[in-house]
Each structure stands twice: as structure tokens, then as C-alpha cells.
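[1] Model the structure of this input:
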Amino acid sequence: MVAGAYFPPPVRVVSIPKKTGGERVLGVPTVSDRIAQMVVKQMIEPDLEPLFLPDSYGYRPMKSALDAVGVTRQRCWKYDWVLEFDIKGLFDNLPHDLFHRNPILSSNARCVIALDEKPF
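    Here you go, the predicted model:
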């Protein structure tokens with residue numbers, strides 16, 4: 001990847017019918033692309049995992065949606081109020097230069113960020 005020899009192949013497009021009508025189009029990555037994704041995950045996860053807050057459950061090792069539901073249930077009995085919000089497009093609007101300037105990130109994580117910005 002770093003040498004520029006890997007080019008992701010096109011994803012397989014699959015249409016799934018919606019209950020309300022219409023279709024939802026999904027892109028299914030190829031096996032080679034899934035392997036590349038796993039290599040990147042294994043490279044950066046040890047450096048990035050300690051930076052996450054304990055209440056972050058999405059796509060985390062040893063955490064699940066059921067864990068989040070369990071904690072939520074406990075807190076519902078503990079407090080009299082609930083706050084719900086949704087930040088639409090948050091990651092689309094984060095300035096990428098913040099990641100480059102972060103001194104906590106290892107060289108592995110910086111390398112992956114640089115690969116992400118490389119035009120294919």
C-alpha cells in the first residue's frame with residue numbers, strides 16, 4: 001500500500017428492496033479489499049484504541065451494541081432525564097489537518113491517514 005502498488009478493486013453493487021418501496025444500494029468490498037482493511041485495522045488499532053472514551057461502543061474490540069444497551073438501561077434507572085442528539089455529517093466536516101498535527105498518533109496511524117488522502 002505504501003509503495004503505491006495496491007489499488008482497491010471496484011466494489012460489488014447489490015440492491016436490497018426496502019419495506020417502504022424502492023431499493024437500498026450496497027457496495028460489498030472484495031476479499032482483497034477486506035484483507036487490506038484488516039491490515040490497516042491491525043496497524044492502527046493498538047495506537048488509537050486507548051484514545052477512545054469508555055462510553056464509545058461502535059466498532060470497538062470487546063464492546064457490543066448489547067453492552068451499550070446494558071449501560072443505558074442501568075443509567076435510565078439512575079437518572080430522571082435523557083438527552084438525545086444526532087450530529088449529522090460530523091466526520092465529513094472534521095478538519096483532517098487535526099489528525100496530522102496530533103502528537104499522540106503513532107507513525108503507523110499517520111501513514112494510514114496519508115494513504116487515505118492519496119488519490120487513486
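[2] for stretch 84-100, what is the average pLDDT?
    The predicted model assigns stretch 84-100 a mean pLDDT of 73.
[3] And stretch 49-59, by the same measure?
    Stretch 49-59 comes out at a mean pLDDT of 89.
[4] ditto for stretch 12-27
    Rounded mean pLDDT across stretch 12-27 is 92.
[5] Report the distance from that stretch to the chain centre.
    The chain centre lies 22 Å from the centre of stretch 12-27; the measure is CA atoms, centre = their mean, to the nearest Å.
[6] Buried residues, the helix or strand containing Gln74. List them.
    Using DSSP states H and E, Gln74 sits within helix 65-78. Along helix 65-78, not one residue counts as buried under the neighbour rule (16 or more other CB atoms under 10 Å). Just so you know, the C-beta spots here come from the backbone N, C-alpha and C atoms, and that holds for glycine as well.
[7] Pull the residues that contact it.
    55, 57, 82 (CB atoms under 8 Å, 6 or more residues apart in numbering).
[8] Name the SS class of the last one, please.
    Meaning Val82. Following DSSP: H, G, I helix; E, B strand; the rest coil, the label given to Val82 is coil.
[9] Any chance of a ChimeraX selection covering the buried ones in the contacts of helix 65-78?
    Remark: buried members of those, expressed as a ChimeraX selection using 16+ other CB under 10 Å:
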select :57
